[in-house]
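*Asks:* From the sequence below, what's the structure:
(2 chains)
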There are 2 protein chains.
Amino acid sequence: MDLAAQILALGVRARTAARQLASASRARKDAALLACADALVVAEAEILAANAADLSAAAARGISGALLDRLRLDPQRLADIAQQVGEVAALPDPVGEILREWTPPSGIRIAKVRVPIGVVGIVFESRPNVTSDAAALCLKSGNACILRGGSEALRSNTAIAGALRRGLENSGLPADAIQLVESTDRDAIRLLAQLEKHIDLIVPRGGEGLIRAVVEHARIPVIKHYTGLCILYVDAAADLAMARDIALNAKTQRPGVCNAIETLLVHRDIAAEALPVLGAALRAAGVELRADPAARTILGEAHCSAAQPADWETEFLDLVLAVRVVDSLDDALAHIERYGSHHSDAIVTRDAAAAERFLNEADSATVYWNASTRFTDGGAFGFGAEIGISTDKLHARGPMGLEELTTYKYVIRGAGEVRH
Amino acid sequence: MDLAAQILALGVRARTAARQLASASRARKDAALLACADALVVAEAEILAANAADLSAAAARGISGALLDRLRLDPQRLADIAQQVGEVAALPDPVGEILREWTPPSGIRIAKVRVPIGVVGIVFESRPNVTSDAAALCLKSGNACILRGGSEALRSNTAIAGALRRGLENSGLPADAIQLVESTDRDAIRLLAQLEKHIDLIVPRGGEGLIRAVVEHARIPVIKHYTGLCILYVDAAADLAMARDIALNAKTQRPGVCNAIETLLVHRDIAAEALPVLGAALRAAGVELRADPAARTILGEAHCSAAQPADWETEFLDLVLAVRVVDSLDDALAHIERYGSHHSDAIVTRDAAAAERFLNEADSATVYWNASTRFTDGGAFGFGAEIGISTDKLHARGPMGLEELTTYKYVIRGAGEVRH
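*Replies:* Predicted coordinates for the structure are as follows:
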């Protein structure tokens, strides 16, 4: 069977499974999630053997360090993965929620009801835990999923998906609610993104190259999860100790994640006082500073390098921070508009009017006043689980949990009403 | 300037205008809508002259009948168009609505706030009133719009857009909040659909060819507005008089619209009793019936033709109805799944269990129990206005009004909180 036929077959089976899942009760879906968690535990030896094979193949290709570690499973990590699948069962079921109910003058009763999206395609890179996380969230929200992970994790993903499918079978729900693309051919991404009759949504999670590959070909809706270029603006009226604590936290608590800051903007009126405090704290935490001329004069040439144009548009995802002095709130907003990725941006200030302008005018999924950008995620928002953080504006923006994996339909009950 | 540069320039100007509109108060936007309505009245002579030129060019190309009528403006139609623009001012402003507010354990206060999408591209076919309707709804919801109408209405659309832009100027809002693509080159659609930095959403409204042209090239989110293949299912436990009234209304009240039915399914157990009643009423209203063998036997060969395979998948948009006898509710649902367009589908029955199964399992934007499918529109739903009816599942499904032209952002207010 050629690749196009394989992908089509996945889509057809997913659509059938999605129909069955859509009307499955919460109890049945939760029982299936627990059965999937059990099946992962039962399959420990098989999954770890598959992972060991992935790891040695990756090592043989010269992959090492953090990348190799992301790929690695061990008994504890696998136990955590199984536990997370089980925990999704405890979350509320979004399906069936009545979002609004009303009766227009015609007398028909209209209910706007939350329903599953249908079939969700998830395209991701190396970490094998994404396989089970994404599958569990799709299952809980009543969606069938088609997963396409990175080629270096194919053996691990195949073993994990196999266990999850056995869990579904054990619980009496269709195994085809969770399917994995087992081809490593990059063309599979294009084929998935064009399967408009059988897939309702594609969620790419990973680097820019992966997301571009999906967007380029997509004929179905895509919700993109780019990493973030987040910016902290320290206003003229900032509390300096607060600005320092937030800058430190947002840059250093976990520099490799999308809600860490990459750029610090400081208002000119406070720069001479603020930059030495901020700079010393950041440098003490191991942060390399790349400053514009005004900031560099204050920080001292020995304590920072000269920012290059590319630094304003780079997501360092590392202990590196671009620093710039701005003349005004307007300049800060213009910088954020031009260079930011509209993910998470923050202002530190005591000036409520400046804060409200910032909150209104910064066109980002999440805007902060006097808090760290690190809070942008499903866990910190209290969503219980997260399929990712959307950098798109449509359907889902920001942290994307179970509700964002649903849509709605209008259910209308009448007594024979006709239109006049 | 080449076409790509023209389209890019439209996008850059729209983005700037969108920033200004996003923080415009309700009072300013409403004043602008009234100024736009006035400007349309003032420009009557200019708009009607432009329309007369479009009409004679169209007539010279052999366009006639309903198509020519859709293109035609007269003083009354133009007055109606201006009035509709003014009426949008009276609708509630969706922007700024707080959708949810909460405080997670970290202590930050999170508000999910409704905000404009930004820049909306609307690609449509011949009716010039779409130009002003779409522009008014975008303006009210704080979005800049880029409009691309049909080439046969270019002079009319240019005159209307010019008047609307003068209205914006008169009210002090940026004229670039409403822009029209003045090129008739079909490549403009592709260029718009790929302008991902400057357009946030594309809404194609029109025939399948137009929508395909957008989807094929799009790198930005698209909300499609296909016309509908709507289906009425008369269950074994139907009230016959109600079934007759609903079938008549759904087929004949306005056969050329997307929420009219194209197919009638009748349960075998009631077919011998129901089909003669339904058939007689429909034929008396001028409906041509195309029936499957079982239905044809009951209706009588003289009263219907034999349905061809293509009839089940045809949106007649005319006084033609495909009729079929089904063995069960499951068969009806399978037919709807296979042939329907997931727009609006209805069941007529006294059997509540059958109705609830239908309402749950028919995967359509709007599902009806004992009411006519003709209610699927923004007016009948009480939305006050409508940009169209989405046949997509993501972001907006079914009638799409002002709320569906918005997205949300998370606004977070803290007191120095950092992530642990």
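
*Asks:* pLDDT at the residue in the stretch 1-150 of chain A that chain B sits nearest to, what is it?
*Replies:* At 4.4 Å from chain B, A:P104 is the closest residue in the stretch 1-150 of chain A, using C-beta to the nearest C-beta. (C-beta placed from N, C-alpha, C; glycine too.) For A:P104, the pLDDT comes out at 96.

*Asks:* who's in contact with it?
*Replies:* Going by C-beta atoms under 8 Å, 6 or more residues apart in numbering or on different chains, A:P104 touches A:I110, B:A380, B:F381, B:G382.

*Asks:* Phi and psi next, for the third one.
*Replies:* Same thing as B:F381. When read as degrees, to the nearest 10, the backbone of B:F381 gives phi -80, psi -10.

*Asks:* residues contacting the closest residue to it other than its chain neighbours?
*Replies:* Closest residue in space to B:F381, ignoring its immediate chain neighbours: B:P399 at 5.1 Å, by C-beta to C-beta, 6 or more residues apart in numbering or on different chains. Shown in contact with B:P399 (C-beta under 8 Å, 6+ apart): B:T376, B:D377, B:G378, B:F381, B:F383, B:E386, B:I389, B:S390.

*Asks:* if we can go back for a sec, tell me the SS of the residue of the stretch 1-150 of chain A closest to chain B?
*Replies:* Under DSSP: H, G, I helix; E, B strand; the rest coil, A:P104 falls in the coil class.

*Asks:* Now, the contacts of B:P399 that are in helices?
*Replies:* In this view, these that belong to helices under DSSP state H are B:G378, B:F381.

*Asks:* Make TSV out of the contacts of B:P399 and add neighbour count and pLDDT.
*Replies:* Formatted as TSV, the contacts of B:P399 follow (neighbours: other C-beta atoms under 10 Å in any protein chain shown; pLDDT from 0 to 100):
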residue	neighbour count	pLDDT
B:T376	27	96
B:D377	20	92
B:G378	20	91
B:F381	22	95
B:F383	18	89
B:E386	18	86
B:I389	25	92
B:S390	21	94
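
*Asks:* Out of the contacts of B:P399, the closest to B:I63 would be?
*Replies:* Nearest to B:I63, judged by C-beta to C-beta, of these is B:I389 at 25.7 Å.

*Asks:* which SS class is A:V123?
*Replies:* strand.

*Asks:* do A:D269 as well
*Replies:* Once three-state DSSP is applied, A:D269 turns out helix.

*Asks:* just the one 3 residues further on next, same as before
*Replies:* Three-state secondary structure (criterion: three-state DSSP) places A:A272 in helix.

*Asks:* Just give the nearest non-adjacent residue to it, would you?
*Replies:* Leaving aside its sequence neighbours, A:A272 sits nearest to A:I298 (C-beta to C-beta, 6+ apart; 5.8 Å).

*Asks:* Model confidence for the one you found, exactly?
*Replies:* pLDDT for A:I298: 98.

*Asks:* With A:H225 instead?
*Replies:* So, for A:H225, pLDDT stands at 86.

*Asks:* partners of it in the sheet?
*Replies:* Assessed by DSSP bridges, A:H225 has beta-bridge partners A:R205.

*Asks:* okay but it is in contact with A:V203, surely?
*Replies:* Yes - in this structure, A:H225 is within contact of A:V203 by C-beta atoms under 8 Å, at 6.8 Å.
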